[in-house]
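Engineer: The following block contains a protein sequence and its predicted model.
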Number of protein chains: 4
Amino acid sequence: MSDNMLKGKRILITHANQFMGPVLCDVFKERGAEVIRDFSSLNNAEETEKVINAAGEIDVLVANLSVTAPSTEASKVTDDEWKNTFATIVDPLPRLFRAVLPQMIDRSYGKILVVGSASALRGINRASTYSAARGAQLGYVQAVGVEVAKHNIQVNAIAQNFVDNPTYFPPEVQANEQFKERLKREVPLGRLVEAREDADFAAYLCSDMANCFVGQIFPICGGWVTR
Amino acid sequence: MSDNMLKGKRILITHANQFMGPVLCDVFKERGAEVIRDFSSLNNAEETEKVINAAGEIDVLVANLSVTAPSTEASKVTDDEWKNTFATIVDPLPRLFRAVLPQMIDRSYGKILVVGSASALRGINRASTYSAARGAQLGYVQAVGVEVAKHNIQVNAIAQNFVDNPTYFPPEVQANEQFKERLKREVPLGRLVEAREDADFAAYLCSDMANCFVGQIFPICGGWVTR
Amino acid sequence: MSDNMLKGKRILITHANQFMGPVLCDVFKERGAEVIRDFSSLNNAEETEKVINAAGEIDVLVANLSVTAPSTEASKVTDDEWKNTFATIVDPLPRLFRAVLPQMIDRSYGKILVVGSASALRGINRASTYSAARGAQLGYVQAVGVEVAKHNIQVNAIAQNFVDNPTYFPPEVQANEQFKERLKREVPLGRLVEAREDADFAAYLCSDMANCFVGQIFPICGGWVTR
Amino acid sequence: MSDNMLKGKRILITHANQFMGPVLCDVFKERGAEVIRDFSSLNNAEETEKVINAAGEIDVLVANLSVTAPSTEASKVTDDEWKNTFATIVDPLPRLFRAVLPQMIDRSYGKILVVGSASALRGINRASTYSAARGAQLGYVQAVGVEVAKHNIQVNAIAQNFVDNPTYFPPEVQANEQFKERLKREVPLGRLVEAREDADFAAYLCSDMANCFVGQIFPICGGWVTR
């Protein structure tokens, strides 16, 4: 499926080589976008500001933030695990938004899509740090979404799980029999969501067809949660 | 925005001259679908079966069901108001699904989209009958969605409110100053969702790009509810 | 645990010998309520009005409505199954509310608790009719809750699943090994919610401590859904 | 209303002189609990461990964490605001849980209630930092709740808003005419939830009657959000 849904859009994708980054870049380009890939850690304000300034005019920012999800019992989570996880996928948000919102407000036009996680919508065993960090993202998106809607800027989030991607579901996991059974049992879809299905939906949300969504959370997880 | 997202799809749209029917027909045709418009009341099983049989092979059923929303205080709702509302937008669902699911199961392929209402997700004054009926739709979609996912059939719903359509927001309502203020105050988007924005999203959900959604409820209401 | 949380309250419980009826009657009496048990079908307006009138002054109405949940594939649900299910647990609602709200509005005081189901919040296989009917209840509660809050009347609902009760989890089901495994797998609590745990919570929601809840849905299902 | 719902429970309440701390201490004592009030910042692991160790056997931990909610436009939020807010109400969570869970797991008994915010469930203007931090709390609670349920430990959260408390609704705010109008307009309850109503519900969730709730989020906000 190919069309020009994103024709003429300049779209910055962060952590572009991780998580959903590669497939988002591919699909967005196929759909006509000019994709600016960023590989920075975004772990300090100055660096982040430079990334945004270097990108020039940005129609859409895709805050794709990736971290290896710790699998630690809650009673053993260290301050370091916590700090590192938040530093990687939560703390970049205000830096990115602070840097990019002014140009969007000036033009009364823009979109920000956060690639978030459904782990913030439903509890998962040994995932407390990750779920907390992803929960921060969704709370943030809802609030900023409401705040900047008046400037014709749409801020929304995907809340995904069980989407095929090398960061969370590498081939060895997918080949594991126990994982396959878990998939059948826990995911009504009965399979992983394909990376391109996720990216297709992200493309839609980044297109002008999606000007009506405000601070909304879209689960994409094969029915694991539905709202 | 025009593309061939629905190319080759035979799509049956019910209550095609009401509610979101007209704009759905237009947008779906523009996107390549062969649209079969139905104008039946669907108020009995035989009639409904005939509609489906006459339509032949159906790739997508859009259950667009329309009724004038009563605005009655809960203490004054009559059994007739209740019965009529459910007869019009709830009772057709099992008839439609019973008639269309077998051919979809046979082909291991199909989609059903229910055009539902966000009034089932958030309380509205003097809307008890309507909210109940729309709540039935969403409960139904979630259950059938999970049930038929294994047949590669996707059943999902839009839960809309504050979408421009002649059934619920006729011109005289939209021109009303009090309504305009309410819109600014209650709807973060600050305006009605355009009919085509709603239809665009419906088109997406009826396309092959949306094979990954199972029994999901998608609010489209300008941020009035977000999940 | 015993206290006088409901002291002096006259509480009408419908379908009092079914579903959560018996345990609600017991627990509410232990907590000081004067319980009026009703066994009517509530399948017509006159009968329902008589029930309410005969009960006299009602502080709290517990709309406990019970039906055998059909377990039919969506493609085989008959109009009769649908009609019967809605007639039993959905259509009594407007009759009950119409009959009881006027006296509550007159006194600026009252509570209505609907004993609903979490099947309206998360899809279940072969449960389309039941989920739809329970969805109608939740949509209704949200709307009426908002509408009558200004009269100091609180309308809320429990959305339960995996609660021990003879209607849905009779001893033979609970003894079934497959069911036990399903419970471990699907319900984070790892066991059925006890009937009294459910009734305790219902008692709380019917007490003066719960005057602040408006049209709210409270899942009680051992973590099967959490909001 | 007084009873012995919490009789014999040793309950540690953090930030005991802030946010809901004072009323929680009062109500919990009235209901028979032995309340241990803590006033630490919990801003480092050692201090937090000492607090828990000094408290001895803890049946219930109430993670009441308070911060002045910044009211900054998203484009002007500084890293310092972000860091300080998370340091105050988010980062203490893993420290507290790490310190208290082992004794609860040893005894196969315990409860943790997080006093969270509904701002994580619905967007609020100029509240992005706070909503994000509160979102982290809810994501965390859901995950840990599922994880420790097998040890007979219940972890849940209140998600409150429009609850009378000196931290967020000081007298001068409540006396403000604009605020009063906003309350009527936005909060179906038409008034602030009283501090004791909130504390009563918290007491219930900390009692043995609430052993069936797992990782659940309970909105208490006068109907501002209902699930």
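Structural biologist: Yep, that arrived. Note that the structure is predicted; figures quoted are calculated from it, not measured.
Engineer: got a list of what the residue nearest to residue A:92 when sequence neighbours are not counted touches?
Structural biologist: Closest residue to residue A:92 apart from its sequence neighbours, by C-beta to C-beta, 6 or more residues apart in numbering or on different chains: residue A:42 at 3.7 Å. (Each C-beta comes from the backbone N, C-alpha and C, glycine too.) Residues near residue A:42 by C-beta atoms under 8 Å, 6 or more residues apart in numbering or on different chains: A:14, A:15, A:48, A:51, A:65, A:92, A:95, A:96.
Engineer: and of those, the nearest to residue C:163?
Structural biologist: residue A:65 (39.8 Å; C-beta to C-beta).
Engineer: and that closest one, what helix or strand is that in?
Structural biologist: Secondary-structure assignment from DSSP states H and E places residue A:65 in no helical or strand segment.
Engineer: Next up, the contacts around it.
Structural biologist: Neighbour list for residue A:65: A:14, A:15, A:19, A:42, A:88, A:89, A:90, A:92, A:93, A:114, A:115, A:137 [criterion: C-beta under 8 Å, 6+ apart].
Engineer: How about residue A:29?
Structural biologist: By C-beta under 8 Å, 6+ apart, residue A:29 lies in contact with residue A:35.
Engineer: Phi, psi for it please.
Structural biologist: phi -70, psi -40 (degrees, to the nearest 10).
Engineer: Tell me, what's the model's pLDDT at it?
Structural biologist: Predicted confidence (pLDDT) for residue A:29: 98.
Engineer: any idea how far it is from residue D:97?
Structural biologist: Per C-beta to C-beta, to the nearest Å, residue A:29 is found 44 Å from residue D:97.
Engineer: mind checking the SS state of the residue nearest to residue A:92?
Structural biologist: Put simply, residue A:42 is coil when judged by DSSP: H, G, I helix; E, B strand; the rest coil.
Engineer: circling back to that earlier point, so which one of the contacts of residue A:65 is the model least confident about?
Structural biologist: residue A:19 (95).
Engineer: Which pLDDT value belongs to residue A:104?
Structural biologist: Value listed for residue A:104 in the pLDDT field: 98.
Engineer: Please give the element, helix or strand, for it.
Structural biologist: Element membership for residue A:104 (DSSP H and E) is helix A:92-107.
Engineer: what does that helix rub up against?
Structural biologist: Counting by C-beta under 8 Å, 6+ apart, A:12, A:14, A:42-45, A:48-49, A:51-53, A:57-58, A:61, A:63, A:65, A:110, A:112, A:114, A:136-137, A:140, A:144, A:148, A:151, A:153, D:74-79, D:81-82, D:128-129, D:132 sit against helix A:92-107.
Engineer: Need the buried ones from those residues selected in PyMOL.
Structural biologist: Applying 16 or more other C-beta atoms under 10 Å in any protein chain shown to these leaves a buried subset, and the PyMOL line that selects it is:
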select buried, (chain A and resi 12+14+42+45+48+51+52+58+61+63+65+110+112+114+136+137+140+144+148+151+153) or (chain D and resi 74+75+77+81+82+128+129+132)
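Engineer: and the contacts of helix A:92-107, which of them are in strands?
Structural biologist: A:12, A:61, A:63, A:110, A:112, A:114, A:153 (DSSP state E).
Engineer: can you pull the contacts of the residue nearest the centre of chain A?
Structural biologist: Most central in chain A under C-alpha atoms, centre = their mean is residue A:115, positioned 1.0 Å from the mean C-alpha point. The neighbourhood of residue A:115, defined by C-beta under 8 Å, 6+ apart, consists of A:19, A:20, A:24, A:62, A:63, A:64, A:65, A:157, A:158, A:160, A:202.
Engineer: of all these, which comes closest to chain D?
Structural biologist: residue A:157 (10.8 Å; C-beta to the nearest C-beta).
Engineer: Report all helices and strands that the biggest helix by length in chain A contacts.
Structural biologist: In chain A, ranked by residue count with DSSP state H as the criterion, the top helix is helix A:128-148. With contacts taken as 3 or more C-beta pairs under 8 Å, 6 or more residues apart in numbering or on different chains; DSSP states H and E, helix A:128-148 sits against helix A:79-89, helix A:92-107, strand A:110-117, strand A:153-160, strand A:217-220, helix D:92-107, helix D:128-148.
Engineer: Which of those has the highest mean neighbour count?
Structural biologist: Among these, ranked by average contacts under mean count of other C-beta atoms under 10 Å in any protein chain shown, first place goes to helix D:128-148 (a mean of 29).
Engineer: Could you report the separation of residue A:183 from chain B?
Structural biologist: According to C-beta to the nearest C-beta, to the nearest Å, residue A:183 and chain B sit 12 Å apart.
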